[in-house]
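>>> Any chance you could fold what I've pasted below:
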Amino acid sequence: QVQLRESGGGLVQAGDSLRLSCTTSGLTFRRRTMGWFRQTPGKEREFVAAIIWDFGSSYYAEAVKGRFTISRLAARNMVYLQMDSLKPEDTAVYYCAASAGIITTTQSPDNYSAWGQGTQVTVSS
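Numbering: from 1, shown residues only. Here you go, the predicted structure:
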């Protein structure tokens, strides 16, 4: 059974940094894309970043490009999201997700088959 669990969220001030972690179990990473999404009340889940496991190539939403960094640590089956220069508009519940296989559109949540329960990130101004 595939399980994902996010951690590392919290309350910070604008300009601060946070690192989110995604712990995985029951998952083989070959040919998968790992993604981070976020969601605020009343809005659809929004793509943040993705990494293609086999190659390490990464993709980012324009809103976070240059501030967030997605990475993976194969030895620990972990995925991270380093968030720097946080802004109040980054406030959301952040979710880790895994695709079922090779996908061509990393930004669509429909292409991910496994999700964590989410971790709250709140950025005060």
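>>> Grab the nearest non-local neighbour of residue 22.
Nearest non-adjacent residue to residue 22, counting by CB to CB, 6 or more residues apart in numbering: residue 96, 3.4 Å away. Any C-beta I mention is one placed from the backbone N, CA and C, and that applies to glycine too.
>>> The one you found: helix or strand, and which one exactly?
For residue 96, the host element (DSSP states H and E) is strand 92-99.
>>> Confirm for me that the residue nearest to residue 22 is in contact with residue 6.
Yes: using CB atoms under 8 Å, residue 96 is in contact with residue 6, at 5.0 Å.
>>> So between those two, which is more surrounded?
With other CB atoms under 10 Å as the criterion, residue 96 and residue 6 differ in neighbour count, and residue 96 comes out ahead with 28 against 24.
>>> Report pLDDT for that one.
pLDDT for residue 96: 98.
>>> mind listing what it touches?
For residue 96, the contacting residues are 4, 5, 6, 20, 22, 24, 34, 35, 36, 79, 115, 116, by CB atoms under 8 Å, 6 or more residues apart in numbering.
>>> could you redo the last one with a cut-off of 7 Å?
Residues in contact with residue 96 (CB atoms under 7 Å, 6 or more residues apart in numbering) are 4, 6, 22, 36, 79, 116.
>>> and the gap between residue 3 and residue 114?
With the distance defined as CB to CB, to the nearest Å, residue 3 ends up 8 Å from residue 114.
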